[in-house]
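K.L.:
Here is a sequence with its predicted model. Questions after.
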Amino acid sequence: MCPALEATGYGFERIEGDDASTDPAHQDPSYRRALWIVVALNLGYGVVEMAGGFLSGSQALKADALDFLGDGAITFLGLLAIGWSLTWRARSAMIQGVFLGVLGLGVVASTFWRVLNQATPEAGLMGAFAVGALIVNILAVLPLLKHRKGDANMRAVWLFSRNDAIGNVAVVIAAGLVAWFGSGWPDLIVAFGIAALFLHSSWAIIRDARTDLREQPVTDQ
C-alpha cells in the first residue's frame, strides 16, 4: 500500500485489474498530469491567498484560500485514487464531499464571528490577490475541462475547481464594492456565498458517490 494513502487511515486496498467502471476516463495519462497541475497551483496559491486574506483583513479572501487549499489536498487524494476500483474511488469522493462540507461550516462560523467584529478590508490588496487567484484558477481549470465527466471521484475534482473559479470572480466583485461603498459587508456576503457553494457541492459530491456505491456489485466492495 502507498504510505501516503495508508497514512489517511481509511484502509484503502489496491485492486489489480479489477475495475467495474465502464468509463476508463480516469486512467487517461493526461488526467493524471492535469491533477498534478491542479495540486501544485492550488496548494501554492492557497498559501499566498491566505496570507493576503490576513494582510487585507478580507474574510472572502480567507474563504477562497481555504477553497484553494482544500481543492489541492482533495485533488491529491483523487490522484492517489487513480488505479483503484470504482468502489474505492467513490469512497474517496465521499471523503472529499464530507471534507468540503466541514470547510463550508467552518467558513460560516468564522464569518458570523466577523459579522460581530466588523472591520473594513483593504480593498486594493483584496482585489489584487483576488485577480491573482482568478488567473491561477483559470490555469488550473483548463487542463480539467475534458475530464469533468466520469466517475464520482472525477466529478468531485471538477466541482472543487469550478468552485474556485466562481469564488474568485465573486471576491473580485466584492473588492470593488468594498472600495465603492467603504463597507465590509460585500466581503462578508461573498464569504457566506462561498460557504454556501461549499455546502451545495458537498451535497452533490456525496450524492454522486452514494449512487456509484449503490451501483457496484457486492464483490467489488
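P.N.:
Done, it's in.

K.L.:
Trp84: helix or strand, and which one exactly?
P.N.:
Assessed by DSSP states H and E, Trp84 sits outside every helix and strand.

K.L.:
Surely it touches Ala90?
P.N.:
No: with contact defined as CB atoms under 8 Å, Trp84 does not reach Ala90; the gap is 9.8 Å. No exception for glycine: its C-beta is placed from N, CA and C like everyone else's.

K.L.:
Looking at these two, which has the bigger crowd around it?
P.N.:
The residue with more neighbours, out of Trp84 and Ala90 and counting by other CB atoms under 10 Å, is Ala90; that gives 25 against 21.

K.L.:
How about the more buried one, nearest residue that isn't a chain neighbour?
P.N.:
By the measure of CB to CB, 6 or more residues apart in numbering, the closest residue to Ala90 outside its immediate chain neighbours is Asp212, 3.8 Å from it.

K.L.:
Check what pLDDT Ser58 gets.
P.N.:
The model reports Ser58 with a pLDDT of 91.

K.L.:
what about it, distance to Gly104?
P.N.:
Here Ser58 is placed at a distance of 18 Å from Gly104 (CB to CB, to the nearest Å).

K.L.:
These two: who's more crowded?
P.N.:
Remark: of Ser58 and Gly104, Ser58 carries more neighbours, 34 against 24, as counted by other CB under 10 Å.

K.L.:
residues contacting the more buried one?
P.N.:
With contact taken as CB atoms under 8 Å, 6 or more residues apart in numbering, Ser58 is in contact with 52, 121-122, 125-126, 129, 171, 174-175, 187.

K.L.:
okay, now His203: neighbour count?
P.N.:
No His there; residue 203 is Trp. Residues near Trp203, counting by other CB under 10 Å, number 14.

K.L.:
Need the phi and psi values for it.
P.N.:
Main-chain dihedrals, Trp203, degrees, to the nearest 10: phi -60, psi -40.
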